[in-house]
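Colleague: Could you work out the structure for the sequence below:
(chains A and B)
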Number of protein chains: 2
Amino acid sequence: METVSTARAHGGTQGVYRHRSAATGTDMTFSVYVPDHAPGTTLPLVWYLSGLTCTHANVTDKGEYRAACARHGLIFVAPDTSPRGEDVPDADRWDFGQGAGFYVDATAAPWSTHYKMWSYVTEELPALVAAAFPVDPARQSIMGHSMGGHGALTAALRHPGRYRAVSAFAPIVAPTQVPWGEALDRYLGDDAAAKRRHDAVALIEDGARVPELLVDQGEADSFLAEQLRPELLTAACAAAGIPLALRMRAGYDHSYLFVSSFMGDQLDWHAARLKR
Amino acid sequence: METVSTARAHGGTQGVYRHRSAATGTDMTFSVYVPDHAPGTTLPLVWYLSGLTCTHANVTDKGEYRAACARHGLIFVAPDTSPRGEDVPDADRWDFGQGAGFYVDATAAPWSTHYKMWSYVTEELPALVAAAFPVDPARQSIMGHSMGGHGALTAALRHPGRYRAVSAFAPIVAPTQVPWGEALDRYLGDDAAAKRRHDAVALIEDGARVPELLVDQGEADSFLAEQLRPELLTAACAAAGIPLALRMRAGYDHSYLFVSSFMGDQLDWHAARLKR
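Modeller: Down below sits the predicted model:
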């Protein structure tokens, strides 16, 4: 693992790191914020999965998470959203290919060679981070934005007990029912069962459970009606008995101005669950 | 004035606007954050002047000022740092020309046609902002970063009583004594008196006063010893009897990770003075 940069911020250290990923077969870049802490102690860890077109840098620059993480003593990790590089297949669109890995392990050609973001964010990177940073692996939680909200919800639903909290900003909750979900058709081909395992609403319908969910959603989000459809999550949670706090935010859009506005609230909520 | 974008953020509105500037003879872009407020009321206004290479966007994206502005009810305005455009003279360096207007009215050719940032940030833009936004002009303050700290200090020193508070992050305090100040030689030619009027330390030596100053400065700032030299400001303030709170921040660099770490503190300090 190579250190790209570190800088002091909000009473902690904001770092950016690069490593050779076995999962994706590419170099991968991610950021980690570590608040100051007593030597020898470990801290809870919040995973943040980013949305379409993003790298680690968007939330690192614009997410406004450091003040709350420093206050609560939380490590914050932001992975990239896809493999990248000249040898990595791409598409001439922003909602598929590089920057749009959708947190799946692709099985269809030509994507299956590098697009292994599920293994990357749920297995390879957690092991690397736990080895390199003062993390308490028993106290992890996960959140994400848009496509990254999809990643966070599916990761938590498929790893019961691993994440003490899961929340999202404007998540894609049912990719098999919305246009952005065409990405799953390309990455996973005709495997309908695999697609259901990467669809939060379908996972809940099929019996997966988390103790509770927190979602912030802007009412002025231009993707709300067609791509995000939180009402599908509301219905699935109601049927499954999962408590869902869906906070509709009047006037807010899909941007980091929205995410940063509620980042502190969500981190307060995570901290309460990580410190129990 | 044209609205480039508006979005809801932290219980207010973050806007970006463009207008034709009479001062610079170019289109100029700036950002304004307006917290929610009762209809018909006006709010105090904080000016933020940015540093070398920046546009309005750097602090708007990375400055983390909105939470504090919303909490205190402060409007926050971030101008650009120079005129821009194909017709505007430029230089093949990042510390002069476009992105580096140094908040002066250039008098030397070829810069004197467009580089009128002093008039722009102290006269033209304040009038425009006061007309277009719910500002209380009697309650203004000013802050800035690096070159923008230089702009904030000189603007306050030369307009006694206009700004109720002035502070800076890692400011250039004595451009006539440091390499970056070569910009003044180019913009202002041989006019030594004009250069002293754009040098905070020289202004204080020449009798200009502000009631007090607040400066945050990172100790790991790579520009500290050669370009910033806060000891010169300390000496000038001591000789002049100006109370200076110079907060040296161990480990912090010159970046927005430093600025954002102490933005909330500085805005708290401004708010206390704007609300007296």
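Colleague: for residue A:152, helix, strand, or coil?
Modeller: helix (DSSP: H, G, I helix; E, B strand; the rest coil).
Colleague: now it: how far from chain B?
Modeller: To chain B, residue A:152 is 22 Å away according to CB to the nearest CB, to the nearest Å. Just so you know, the C-beta spots here come from the backbone N, C-alpha and C atoms, and that holds for glycine as well.
Colleague: Please look at that residue and residue A:144 and confirm they touch.
Modeller: Yes - Residue A:152 is in contact with residue A:144 according to CB atoms under 8 Å; the separation is 3.6 Å.
Colleague: Please, where are all the strands along the stretch 1-150 of chain A?
Modeller: A:2-9, A:12-20, A:27-35, A:43-49, A:75-78, A:135-145 (DSSP state E, counting those that start in this stretch).
Colleague: May I see those strands arranged in JSON lines, with mean pLDDT, distance to chain B and mean neighbour count as well?
Modeller: Below are these laid out as JSON lines (pLDDT from 0 to 100; distance: least, CB to the nearest CB, whole Å; neighbours: other CB atoms under 10 Å in any protein chain shown):
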{"stretch": "strand A:2-9", "mean pLDDT": "98", "distance to chain B": "4", "mean neighbour count": "16"}
{"stretch": "strand A:12-20", "mean pLDDT": "98", "distance to chain B": "6", "mean neighbour count": "18"}
{"stretch": "strand A:27-35", "mean pLDDT": "98", "distance to chain B": "10", "mean neighbour count": "21"}
{"stretch": "strand A:43-49", "mean pLDDT": "98", "distance to chain B": "16", "mean neighbour count": "26"}
{"stretch": "strand A:75-78", "mean pLDDT": "98", "distance to chain B": "13", "mean neighbour count": "26"}
{"stretch": "strand A:135-145", "mean pLDDT": "97", "distance to chain B": "15", "mean neighbour count": "23"}
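Colleague: Tell me which of those lies nearest to residue B:186.
Modeller: Each of the strands of the stretch 1-150 of chain A has some distance to residue B:186 by CB to CB; the shortest is strand A:2-9, at 31.5 Å.
Colleague: what comes into contact with that closest one?
Modeller: Applying CB atoms under 8 Å, 6 or more residues apart in numbering or on different chains, the contact partners of strand A:2-9 are A:13-19, A:29, A:33, A:66, B:218, B:220, B:249-253, B:255, B:257-258, B:260-261.
Colleague: what does stretch A:228-238 give?
Modeller: A:146, A:170-174, A:177-178, A:200-201, A:204-205, A:213, A:215, A:217, A:221, A:224, A:242-244, A:246.
Colleague: so what's the residue in the stretch 101-250 of chain A that chain B sits nearest to scoring on pLDDT?
Modeller: Nearest residue of the stretch 101-250 of chain A to chain B: residue A:220, at 7.0 Å (CB to the nearest CB). Note on residue A:220: pLDDT of 98.
Colleague: Quick check: bridge partners of residue A:34?
Modeller: Counting by DSSP bridges, residue A:34 is bridged to residue A:13.
Colleague: which residues touch it?
Modeller: Here residue A:34 is in contact with A:12, A:13, A:15, A:43, A:75, A:133, A:134 (CB under 8 Å, 6+ apart).
Colleague: nearest spatial neighbour of residue A:157, skipping sequence neighbours?
Modeller: residue A:208 (4.0 Å; CB to CB, 6 or more residues apart in numbering or on different chains).
Colleague: How about the residues of chain A by chain B?
Modeller: A:7-11, A:14, A:61-62, A:64, A:66-67, A:218, A:220, A:249-253, A:255-258, A:260-261, A:264 (CB under 8 Å from any CB of the partner chain).
Colleague: Please check the residues you listed and keep the buried ones.
Modeller: Neighbour-count burial (16 or more other CB atoms under 10 Å in any protein chain shown) applied to those gives A:7-10, A:14, A:61-62, A:64, A:66-67, A:218, A:249, A:252-253, A:255-258, A:260-261, A:264.
Colleague: Find the centremost residue of chain A, please.
Modeller: residue A:49 (2.2 Å; CA atoms, centre = their mean).
Colleague: That one against residue A:121, yeah?
Modeller: Yes - counting by CB under 8 Å, residue A:49 sits close enough to residue A:121 to count as a contact (6.5 Å).
Colleague: hey, what's in contact with both of the two?
Modeller: Joint contacts of residue A:49 and residue A:121 (CB under 8 Å, 6+ apart) are A:79, A:103, A:151, A:155.
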